[in-house]
Structures are given as C-alpha cells and as structure tokens.
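Enquirer: Quick one, fold the following:
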Amino acid sequence: MNKIGFSGTLDPITNGHMWVINEARSLADEVVVFLSENPAKKPKFSAEERKSIISLSCTEQGWDNVSVVIVRGDYTARAAKKQGVECLIRGIRTTADFDYENLIQQTNVDVLQGAKTVFVMPPRDLGSVSSSFVKALEGPIGWNWIMKKFVPGPAYHAWVLSWLRREWETLWDYEHRDATAIAHADDWFARLTGPDCYGGSARYYHNLDHLVHGLCEIRVWAGNMRPEPADVDIIKQAFWFHDAEYGHTGDPAAPTNEEASAQMWLGSHLGQEMDDAAELIRATDHFQEAAITHRLKDVLLSVDLAILGQDDEVYQNYARAIRQEYSHMADDVYREQRGAALAHLCRKAQQGLLFGNAYFAEQYNERAIDNMQREMARLAAA
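Expert: Residues are numbered from 1 along each chain as shown. You can find the predicted model right below:
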C-alpha cells in the first residue's frame, strides 16, 4: 500500500495513537495524519500546535514517513481521497468503539465516497488510553507523573507548559494588568521555563516537573488550610524562583544557588513587595535556613521536601534523577555524600523535625522515613 491515513482531534496525542500510527507504518510506505479542526470540541491546543506536537512526537521515534495535514471544513474521508489516500486506519478498544467506527466507515464509503477503513486492536496496556482519559488525570498531586506514562514526550512537555502558563497568569493577575506588565511577565515565564532554568536539558530533577509538583502541593495545602491569599502568592513566588539558578560551579567565592536565585527574583521586579519571597528563597539553603525567621518558611521548605514522602515509584525516579544531576561525582563520592545527607534528613524526620509544617508532616513524614531508609540501604549495598 502506498499511503494510509489516520485521523482524529488528537488533543493530546497519546501513546495509544502513536501505536496505531506505527501499525499504519507497517502497512504502507507513507502515513498521513489527518488532524481534525473542530472548534465545537474546544481543544486545549490549536490545530497548528497539535500538528507540531504530532510531528515532534514522530520525529522523536525516528519516523520519517509520517506527515500531518489539518482538515478544515471537509469530511476526513473525503479529504483523504483528495490526498491520494484510499484507506484509513482506526484503533478499536471496545465493542462500543467498533459500533461507532463501523457506522462512520459506512458513512465514509456509502455517503461520502471517501476512503475505506482498516480496524486494528491495541495491546491491553493501551486499551484504555484516550485523549479524554489523559485530560481527566490533570489536577491532583502527582498528575504530571501519571500523565507522562501515557503520552509521548513532546505532548507531555506541551501540556505541562500549558498548565504552568495558567498558573503563572493567575499568579500575576493577567486579567487586570496592562500590556506592558503582561509582556514583562511573559518574558520571565519564558526565561524560567526555558533552557537556562527549569527547562534545561541537564535538569533531571530540579525541572518543570518539580515546579508542577510544588505548585500542586501549595494549591492543595491552601485548599485544606485556608491561609491568607496574599501568603499563598508569596509562597508561589518563592517556589517559582527558588531553584531558578541551579549549577555546580565549585567556586567557593560564587554566590550559592539559593542566593543567586533570590537575586534573580529581586531583579525581576515582578511584584511590589519583593523581600518576603527573597527571604523564603534563601531559606531553602540549609546553611542559611536556621538564621532565617519567616512566618511562611516552614510551609515552603515542606513543599520543597514533599518529594521525599511520595509513593515508591515516584521516589525511585526522584533518586535516579538526583544521581543524574550529580553525574559529575564519582560513584563512591556520591554514595558517601548522598548517604550522609539522607541520614541527616532521616534523623530529622524521626525526631518530627523534617516537615516544619504540621499539615505536611501528617501527610508525608512516615513515608519519607521509609523511602530514605530504603535508598540508604541501596547505596550501602552498591
């Protein structure tokens, strides 16, 4: 077969869609993805954005025989024949899917004189994966780690950036800002999420995922504890910037990452009262923490340490990511220093001092002890 087509809204494209596209590649020399532009569905991403995400996802897999066509104002089956595509491929997950898709393919052929359809059944682990399923994951703490399992990398990156963008616009009240202030905030969003900060390729843990997790923790804490909205904003401001600078210069004369991040925040001129958040950023440096007294310090530090109390899979991914960030260290040096740091944190947790905020202590303290003890055992056995 020369060409085969695959169609859908693909908002976002999932690993299930990618499986169908790969099946199509085994049946034809060329695969054309027909991307439906249907405003009635109110997609998260524009048609052009979805086209880019699909193309990047296929490129990531090394698939050079997949193209993407946006269908506007036409039936997909009819648009396919115009592109020289005589056959479409569709994934069938359930009997309900089959009944629906069979009706569509009969309409395509009998009414529209369009392309015929081939049906394929995805493997069991992808049987429940759909765009609607993926969208429904967003919200609770850890949603991003779960979503990552079901979508290709470019789709995940685009989704996380979109989520962070909404958080950023809410924090800086875009609805009530003038164009100059919005443009200034936009520049800082691009900088913080870009390659020199949380979006950097060497950021294996202190990255966009870390931002999403922390901001979710803050939101859930605020929903349960009902603090003053202004205090929530200060904590969010500090969290956005607390790891903005994260490098391993080795120069004792250079400012610490935390101090450099605090200075970046102060230089951003995003807010009116800047010192509160700057002090919180400095408090994430364990060498300075004890000397800093701030009413919100325990909350921010607890948010930053909440990763220690996550379930085993998330914690192990975190531990591997930390090792990657310190790949410049020899194994024996890393085991010694990481083990000492974990032992210190574990003792604090056993004394009830790791999470200074009672809400986070109740949520995560016991699990954090278990996680750290298991990691220390693995380091000792290596």
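Enquirer: How much space separates Glu366 from Asn317?
Expert: Going from Glu366 to Asn317 by C-beta to C-beta, to the nearest Å gives 20 Å. (Glycine included, C-beta is placed from N, CA and C.)
Enquirer: When those two are compared, which one has more neighbours?
Expert: Asn317 (17 against 12; other C-beta atoms under 10 Å).
Enquirer: what sits against that one?
Expert: Trp145 (C-beta atoms under 8 Å, 6 or more residues apart in numbering).
Enquirer: buried residues in the helix or strand hosting it?
Expert: Assigned by DSSP states H and E, Asn317 belongs to helix 312-325. Across helix 312-325, burial judged by 16 or more other C-beta atoms under 10 Å covers 314-315, 317-319, 321-323, 325.
Enquirer: What's the first helix or strand after it?
Expert: helix 331-350.
Enquirer: quick one: contacts of that next one?
Expert: Taking C-beta under 8 Å, 6+ apart as the rule, helix 331-350 contacts 305, 308, 322-323, 326, 329, 354-355, 365, 368-369, 372-373, 375-376, 379-380, 382.
Enquirer: what inclination does that helix have with respect to helix 312-325?
Expert: Angle, helix 331-350 to helix 312-325, by axes from the mean of the first three to the mean of the last three C-alpha atoms, to 10 degrees: 140 degrees.
Enquirer: angle of the helix or strand just after helix 331-350 against helix 331-350?
Expert: The element immediately downstream of helix 331-350 (helix or strand, assigned by DSSP H and E) is helix 358-381. The directions of helix 358-381 and helix 331-350 differ by 150 degrees, with the same axes, to 10 degrees as the criterion.
Enquirer: Show me what helix 358-381 packs onto, helices and strands only.
Expert: In terms of contacts (3 or more C-beta pairs under 8 Å, 6 or more residues apart in numbering; DSSP states H and E), helix 358-381 is packed against helix 208-225, helix 297-305, helix 312-325, helix 331-350.
Enquirer: Same list (those helices) but as TSV, adding distance to Ser261 and mean pLDDT.
Expert: Listed next are the helices and strands packed on helix 358-381 as TSV, based on distance: least, C-beta to C-beta, whole Å; pLDDT from 0 to 100:
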stretch	distance to Ser261	mean pLDDT
helix 208-225	13	98
helix 297-305	12	98
helix 312-325	16	97
helix 331-350	20	97
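Enquirer: Looking at those, which one is packed in the most?
Expert: helix 297-305 (a mean of 22; mean count of other C-beta atoms under 10 Å).
Enquirer: Restrict it to CA atoms and write it as CSV.
Expert: The C-alpha trace of helix 297-305 is given here as CSV (Å, rounded to 0.1, in the frame of the first residue of the first chain):
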residue,chain,number,x,y,z
LYS,A,297,9.4,29.3,55.9
ASP,A,298,8.1,26.0,57.2
VAL,A,299,5.5,25.8,54.5
LEU,A,300,7.9,26.5,51.6
LEU,A,301,10.5,24.1,53.0
SER,A,302,7.9,21.4,53.5
VAL,A,303,6.7,21.9,49.9
ASP,A,304,10.3,21.5,48.7
LEU,A,305,10.8,18.3,50.7
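Enquirer: so how far is that helix off the chain centroid?
Expert: 21 Å (C-alpha atoms, centre = their mean, to the nearest Å).
Enquirer: Report all helices and strands that it contacts.
Expert: helix 208-225, helix 229-242, helix 275-283, helix 358-381.
Enquirer: Can you check what angle separates it from helix 331-350?
Expert: Helix 297-305 runs at 140 degrees relative to helix 331-350, counting by the same axes, to 10 degrees.
Enquirer: Just the residues contacting helix 297-305, thanks.
Expert: Outside of helix 297-305, the residues within contact range by C-beta under 8 Å, 6+ apart are 214, 217-218, 221, 235, 238-239, 242, 279-280, 283-284, 289, 345, 354-357, 359-361, 364, 368.
Enquirer: Emit the PyMOL select command for whichever of those are buried.
Expert: Selection of buried members from the contacts of helix 297-305 for PyMOL, criterion 16+ other C-beta under 10 Å:
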select buried, resi 214+217+218+221+235+238+239+242+279+280+283+284+345+354+355+356+357+359+360+361+364+368
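Enquirer: how about the strands in the stretch 51-200 of the chain?
Expert: Counting by DSSP state E, counting those that start in this stretch, the stretch 51-200 of the chain has strands at residues 66-71, 87-91, 116-120.
Enquirer: Quick check: which of the ones you listed is buried the most?
Expert: strand 87-91 (a mean of 21).
Enquirer: The residue nearest to the spatial centre of the chain and Leu211, how far apart?
Expert: Centroid-nearest residue in the chain, with C-alpha atoms, centre = their mean: Val160, separated by 3.9 Å. As judged by C-beta to C-beta, Val160 and Leu211 stand 8 Å apart.
Enquirer: Same check on Asp173?
Expert: 19 Å.
Enquirer: Could I get the contacting residues of Tyr359?
Expert: 221, 224-225, 302.
Enquirer: quick one: which of the residues you listed is nearest Asn102?
Expert: The closest of the contacts of Tyr359 to Asn102 turns out to be Asn224 (C-beta to C-beta; 48.2 Å).
Enquirer: Not counting sequence-adjacent ones, nearest residue to that closest one?
Expert: Tyr359 (6.5 Å; C-beta to C-beta, 6 or more residues apart in numbering).
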